[in-house]
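In: structure of the sequence below:
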Amino acid sequence: MSTPTPPPSSQELEAEVVRTRADLAAAIDELTTRLSPSYQASRIAREAKQAASDAGAMATGAFGNKNGPAQDPRRARNAKVLIGATLGLVVLGTAVAVTAVLRRARG
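Out: From the prediction side, this is the model:
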């Protein structure tokens, strides 16, 4: 038969309330920081710079290095998306230029 546990003292309850309030305040501060537009902008800029660097690594063949983007699927995906978007823009620009040249040639 187990012995019943005594109810917590008022000091223990107060200490638990203080800990819970501190944890809640820390969580709110974290959420406020993560949701701020300036934090989001800096995060996006940092990821774009990393994707550009990783795309360069893919182009030079250094993609599979120990610290390269191949080790992180998210970084590899971002680099591939950047390369795909760049190629898409090049194709689109070429198509627009060719269309303009053909229209001029027709008169």
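In: against which helices or strands is the longest helix seen in the chain packed?
Out: Secondary structure of the chain per DSSP state H: the longest helix is helix 73-106. Using 3 or more Cβ pairs under 8 Å, 6 or more residues apart in numbering; DSSP states H and E, the elements in contact with helix 73-106 are helix 37-60. In short, each C-beta sits where N, CA and C put it, glycine included.
In: which residue is nearest the centroid of the protein?
Out: Glu47 (5.8 Å; Cα atoms, centre = their mean).
In: tell me what angle the helix or strand of the chain with the lowest mean pLDDT forms with helix 73-106.
Out: Ranking every helix and strand in the chain by mean pLDDT, DSSP states H and E puts helix 37-60 at the bottom, with a mean of 86. Between helix 37-60 and helix 73-106, the angle comes out at 80 degrees (axes from the mean of the first three to the mean of the last three Cα atoms, to 10 degrees).
In: who does helix 37-60 touch, helix- and strand-wise?
Out: helix 73-106.
In: list the contacts for Ser38?
Out: Not one residue lies near Ser38 by Cβ atoms under 8 Å, 6 or more residues apart in numbering.
In: do you know how far it is from Ala25?
Out: Here the criterion is Cβ to Cβ, to the nearest Å. By it, Ser38 lies 21 Å from Ala25.
In: quick one: neighbours of Ser53, just the number.
Out: With neighbours defined by other Cβ atoms under 10 Å, the count for Ser53 comes to 15.
In: repeat for Gly56
Out: Residues within reach of Gly56, counting by other Cβ under 10 Å, total 14.
In: cool, Ala57 as well?
Out: Neighbours of Ala57 under the rule other Cβ under 10 Å: 19.
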